[in-house]
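Novice: no sequence for this one, just the structure:
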Ligand code: GRF
């Protein structure tokens with residue numbers, strides 16, 4: 001049985017999708033042993049509703065130190081699902097290959113500091129991009145720079161808005177995040 005820890009900061013729809021996939025067996029032989037938020041957010045409520053241990057560690061300098069204290073020893077994978085704090089380089093290095101993130105654009109484009117939520121979609125539209133999508137990648141010290149695990153794109157249509165873009169990308173995220181988790185945990189896709 002693989003043990004997954006999920007870090008969240010927001011509404012947690014990706015967290016919900018992962019919970020559902022674990023419960024349905026789409027992500028087989030795994031459990032979410034802990035959900036940690038760096039602020040009050042609905043993601044914590046989603047975890048509690050499913051009897052998953054849920055903790056808040058306030059964002060800030062000591063976040064990763066506090067996280068290490070409560071991280072189960074047998075953690076196989078740390079999944080960032082709309083987690084807005086930056087994990088320090090030392091933490092990323094010590095869990096190298098065991099932390100993954102999902103980003104709402106086609107990395108390496110439109111990543112890095114400040115590129116989150118609608119800021120990303122806004123930049124994509126302003127740049128006149130022909131396509132967008134979502135990317136699952138390993139987390140390293142460089143923001144959004146780790147090796148890409150899975151990516152899916154779609155063509156931007158005429159009249160695309162922030163809202164339509166965000167919705168399409170969320171749908172792609174729900175499709176590729178469970179697949180990427182299975183890939184990293186060496187389960188069949
Ligand atoms: C997602 O769009 C993801 O790409 C980004 O944060 C968002 C989280 O959304 N990292 P949700 O909280 O899972 O709904």
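Specialist: Sure thing, it's come through. What you are looking at is a predicted structure, and each value in this text was computed from that prediction instead of being measured.
Novice: is any residue of stretch 178-185 near the ligand?
Specialist: No. For a cut-off given as C-beta under 6 Å from any ligand atom, stretch 178-185 has no contacts with the ligand; the smallest distance is 12.0 Å. Placement of C-beta: from N, CA and C, glycine included.
Novice: oh, that last question was meant for stretch 157-166, not what I typed.
Specialist: No. Residues of stretch 157-166 are not located near the ligand by C-beta under 6 Å from any ligand atom, the shortest gap being 7.4 Å.
Novice: in that stretch, what's buried?
Specialist: The neighbour-count criterion (16 or more other C-beta atoms under 10 Å) identifies 160, 165 as the buried residues of stretch 157-166.
Novice: ok now that stretch, how far from the chain's centre?
Specialist: Relative to the centre of its chain, stretch 157-166 is centred 22 Å away, using C-alpha atoms, centre = their mean, to the nearest Å.
Novice: got it, and stretch 21-29?
Specialist: For stretch 21-29, the gap between its own C-alpha mean and the chain's C-alpha mean amounts to 17 Å (C-alpha atoms, centre = their mean).
Novice: now do it, average pLDDT.
Specialist: Stretch 21-29 shows a mean pLDDT of 97.
Novice: go on, stretch 152-167?
Specialist: Across stretch 152-167, the average pLDDT comes to 96.
Novice: between its first and last residues, how far does it reach?
Specialist: Distance between the two ends of stretch 152-167: 14 Å, counting by C-alpha to C-alpha, to the nearest Å.
Novice: now do stretch 86-98
Specialist: Length of stretch 86-98, first residue to last, C-alpha to C-alpha: 16 Å.
Novice: from the rest of the structure, what touches it?
Specialist: When contacts are taken as C-beta atoms under 8 Å, 6 or more residues apart in numbering, the neighbours of stretch 86-98 outside the stretch itself are 63-64, 67-68, 75-78, 99, 138-141, 143.
Novice: ranking those residues by neighbours, who comes first?
Specialist: Greatest neighbour count in the contacts of stretch 86-98, by other C-beta atoms under 10 Å, goes to residue 139: 26 neighbours.
Novice: returning to what we had before: filter the contacts of stretch 86-98 down to the ones in helices?
Specialist: The subset of the contacts of stretch 86-98 located in helices under the criterion DSSP state H comprises 63, 64, 67, 68.
Novice: from those residues, pick the one nearest residue 35.
Specialist: residue 67 (11.8 Å; C-beta to C-beta).
Novice: before we move on, back to that, can you list the contacts of stretch 86-98 in CSV and add pLDDT and distance to residue 119?
Specialist: Putting the contacts of stretch 86-98 into CSV (pLDDT from 0 to 100; distance: C-beta to C-beta, whole Å) gives the following:
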residue, pLDDT, distance to residue 119
63, 98, 22
64, 97, 24
67, 98, 25
68, 97, 30
75, 97, 30
76, 97, 32
77, 98, 27
78, 98, 24
99, 98, 22
138, 98, 22
139, 97, 19
140, 96, 21
141, 94, 21
143, 93, 13
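Novice: taking those residues together, which two end up most distant?
Specialist: Farthest-apart pair in these is 76 and 143; separation 23.7 Å (C-beta to C-beta).
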